[in-house]
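# Task: produce atomic coordinates for the following.
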Amino acid sequence: MKSVINRVLMFLIYASVFAQLSIAQQTTENMSVPSLFEGQVRRSPRGKQVIAEKSGHGIHQEQPELVVDAIRQVVEKVKPTGSRRK
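The predicted model follows:
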């Protein structure tokens, strides 16, 4: 694993990506949806993953509220302390 970075990492993962793996792959590789991007999420103490359980590849179209919420969370995490909205 690469070194830890202090950046906000947000992963929106569509659950059907796991369904595309065959049962044999899921069993032999011991994979699950959360574990697919676990290594990337752990690269930063500010990493987070959100699983879009009701979406396919078009999360922005099928669950736009998840995308908007993820953007808001990233903005809040990178916004300087004490800054105000103008």
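# What degree of burial does the closest residue to Lys54 other than its chain neighbours show, as a neighbour count?
Closest residue to Lys54 apart from its sequence neighbours, by C-beta to C-beta, 6 or more residues apart in numbering: Gln63 at 5.8 Å. Any C-beta I mention is one placed from the backbone N, CA and C, and that applies to glycine too. Residue neighbour count, defined by other C-beta atoms under 10 Å, stands at 19 for Gln63.
# what's the answer for Ala70, then?
Ala70 is flanked by 18 other residues according to other C-beta under 10 Å.
# name the element it belongs to?
helix 64-78 (DSSP states H and E).
# From the rest of the structure, what touches that helix?
Residues from elsewhere that reach helix 64-78 (C-beta atoms under 8 Å, 6 or more residues apart in numbering): 8, 10, 12, 46, 48, 50, 52, 55, 59-60.
# in this protein, which spans are helices?
Along the chain, counting by DSSP state H, helices occupy 16-19, 23-28, 33-36, 38-41, 59-62, 64-78.
# For the nearest residue to Glu62 once chain neighbours are set aside, which residues are in contact?
Take Glu62 and drop its neighbours on the chain: the residue closest to it by C-beta to C-beta, 6+ apart is Ser55, 4.1 Å away. Ser55 makes contact with 14-16, 62-63, 66, according to C-beta under 8 Å, 6+ apart.
# of those, closest to Thr81?
Closest approach between those and Thr81, by C-beta to C-beta: Leu66, at 26.4 Å.
# Give me the pLDDT value at the closest one.
Predicted confidence (pLDDT) for Leu66: 94.
# Count the neighbours of it for me.
Neighbour count of Leu66, defined by other C-beta under 10 Å: 19.
# Then Gln73?
Gln73: 15 surrounding residues under other C-beta under 10 Å.
# Roughly how far does it sit from Gln61?
Gln73 is 20 Å from Gln61, where distance means C-beta to C-beta, to the nearest Å.
# show me where pLDDT drops low in the chain?
Within the chain, the stretches with pLDDT under 70 are 1-4, 17-36, 82-86.
# picking up where we left off before, out of the contacts of Ser55, which two sit at the greatest distance?
Greatest spatial distance among the contacts of Ser55 (C-beta to C-beta): Ser16 and Leu66, at 14.3 Å.
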